[in-house]
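*Asks:* Build me a model:
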Amino acid sequence: MPLSSWFPSKKPQGAGEQKGAAKQVPDGIWSKCASCNKIIYQKELRADLMVCPQCGHHYQMTAAERIELVSDPGSFEEYGAGITSVDPLGFEGTKPYVNTLERAKGRTDLNEAVVYGTASIMDSPVVIGVMDFRFVGASMGSAVGEKITLAAEKAIERKCPLVLFCASGGARMQEGMLSLMQMAKTSAVMERLGRNGIPYISVLTDPTTGGVSASFATLADIVLAEPKALIGFAGPRVIEQTIGQKLPKGFQRSEFLLENGMLDQIVPRSEMRERLGTIIAHLAPPTPVEAPTSGEVS
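*Replies:* Coordinates of the predicted model:
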């Protein structure tokens, strides 16, 4: 009698068949929520605007998805699509910067981390810009700063509100000092918006951090945010080490910032288009048509 027959097998009967059956399930059908760990049917997640139906966790969206979410159908016209970053420092690091850019372009089908253009939201004309976190963490380099600036200048030219959806991991340090200069550049053009009386609405999404949060993202007339978005400059661990104190629970999340006066409203994704339309209608009402004088032909 072989020695193996003295001990019962711990392998459940039919385990091999179950394992083989599991391999037949296609990828991309189900996913686990990053917040509540519940299993989500991908088709249901997309139907709910990339919001977990169990806990309300807001997943990141692409630039195209956000534009489609809030703008009137067929109204968006992109500008500056050809603007892209260069490699002014010949940056190498763990991998060449040029390779990082090419990989991001191939993965996202974008030339940069922000897309902007003209559109309408509930029949009100706007200039809209959307940052896409998939492109090098939506870090702000020279090209991102240039496109944000051009979006603001287009709003001044068109005399219509500017709406920016912000998301970023910070400055794009592969461009060195040039990336940090974009904070001053974008802040200056937002001041020009104010001088020209152009309403500016920013929507902070998860995450909005670093130089973006410290410049144009928080300089708007109205600052909105999605629920539970991470918003701040440095990370919580860095802040704790710097000040030598334990941070409050929920620090740097939308709800904490709203409670402490850093935000105007938290808006669920399903309500974003209507809320933006209402705000724009109040900030930039249609110009009334003057009645003709008695000598004019109507």
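*Asks:* Wait, residue 146 touches residue 84, no?
*Replies:* No. Contact status for residue 146 versus residue 84: not in contact, 10.0 Å apart, counting by Cβ atoms under 8 Å. The way it works is simple: take the backbone N, C-alpha and C, and place the C-beta from them, glycine included.
*Asks:* The two: who's more crowded?
*Replies:* Ranked by neighbour count (other Cβ atoms under 10 Å), residue 146 and residue 84 place residue 146 first, with 18 against 15.
*Asks:* ok, the more buried one to residue 83 distance?
*Replies:* Shown here: residue 146 relative to residue 83, a distance of 6 Å by Cβ to Cβ, to the nearest Å.
*Asks:* Ok, residue 165 next?
*Replies:* In terms of Cβ to Cβ, residue 165 sits 18 Å off from residue 83.
*Asks:* For these two, indicate the residue with more neighbours.
*Replies:* It is residue 165, of residue 165 and residue 83, that has more neighbours when counted by other Cβ under 10 Å, with 27 against 16.
*Asks:* and the more buried one, helix, strand or coil?
*Replies:* What DSSP: H, G, I helix; E, B strand; the rest coil gives for residue 165 is strand.
*Asks:* Spit out the contact partners of it.
*Replies:* Contact analysis of residue 165 by Cβ atoms under 8 Å, 6 or more residues apart in numbering lists 66, 128-131, 202-203, 205.
*Asks:* between these, which is nearest residue 153?
*Replies:* Checking the contacts of residue 165 against residue 153 by Cβ to Cβ gives residue 129 as the nearest, at 11.7 Å.
*Asks:* How about the closest one, nearest residue that isn't a chain neighbour?
*Replies:* Ranked by Cβ to Cβ, 6 or more residues apart in numbering and with sequence neighbours excluded, the top spatial neighbour of residue 129 is residue 116, at 3.7 Å.
*Asks:* Which parts of the stretch 101-250 of the chain are helices?
*Replies:* Along the stretch 101-250 of the chain, counting by DSSP state H, counting those that start in this stretch, helices occupy 142-158, 177-195, 210-213, 236-243.
*Asks:* so which of these is the most packed in?
*Replies:* Mean neighbour count, computed with mean count of other Cβ atoms under 10 Å, is highest for helix 210-213 among the helices of the stretch 101-250 of the chain, reaching a mean of 26.
*Asks:* so how many other residues sit close to residue 64?
*Replies:* Neighbour count for residue 64, taken as other Cβ under 10 Å: 15.
*Asks:* can I get the helices of the stretch 101-250 of the chain in CSV with mean pLDDT and distance to residue 61?
*Replies:* Formatted as CSV, these follow (pLDDT from 0 to 100; distance: least, Cβ to Cβ, whole Å):
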stretch, mean pLDDT, distance to residue 61
helix 142-158, 98, 18
helix 177-195, 97, 22
helix 210-213, 96, 17
helix 236-243, 89, 24
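*Asks:* and of those, who's closest to residue 273?
*Replies:* Of all these, it is helix 142-158 that lies closest to residue 273, at 18.8 Å by Cβ to Cβ.
*Asks:* Distance from that closest one to the middle of the chain?
*Replies:* A distance of 17 Å separates the C-alpha centroid of helix 142-158 from that of its chain, computed with Cα atoms, centre = their mean, to the nearest Å.
*Asks:* same deal with stretch 221-241?
*Replies:* Relative to its chain's centre, stretch 221-241 lies at 13 Å (Cα atoms, centre = their mean).
*Asks:* Just the endpoints, please. Distance across that stretch?
*Replies:* Using Cα to Cα, to the nearest Å, one end of stretch 221-241 lies 33 Å from the other.
*Asks:* coming back round to it: strands - which of the contacts of residue 165 land there?
*Replies:* Using DSSP state E, the members of the contacts of residue 165 that fall in strands are 128-131, 202-203, 205.
*Asks:* Closest one of those to residue 42?
*Replies:* Nearest member of the ones in strands among the contacts of residue 165 to residue 42, counting by Cβ to Cβ, is residue 205, at 20.5 Å.
*Asks:* so what's the closest one up against?
*Replies:* 58, 60-61, 165-167, 225-226, 229.
*Asks:* same question, residue 185
*Replies:* Shown in contact with residue 185 (Cβ under 8 Å, 6+ apart): 145, 149.
*Asks:* Enumerate the beta-bridge partners assigned to residue 128.
*Replies:* residue 117, residue 163 (DSSP bridges).
*Asks:* Tell me where this structure is predicted with low confidence.
*Replies:* Within the chain, the ranges that satisfy pLDDT under 70 run 1-28, 285-298.
*Asks:* For residue 202, see how far away the residue most central in space within it is.
*Replies:* Nearest to the mean C-alpha position of the chain, counting by Cα atoms, centre = their mean, stands residue 167 at 3.7 Å. Distance, residue 167 to residue 202, using Cβ to Cβ: 11 Å.
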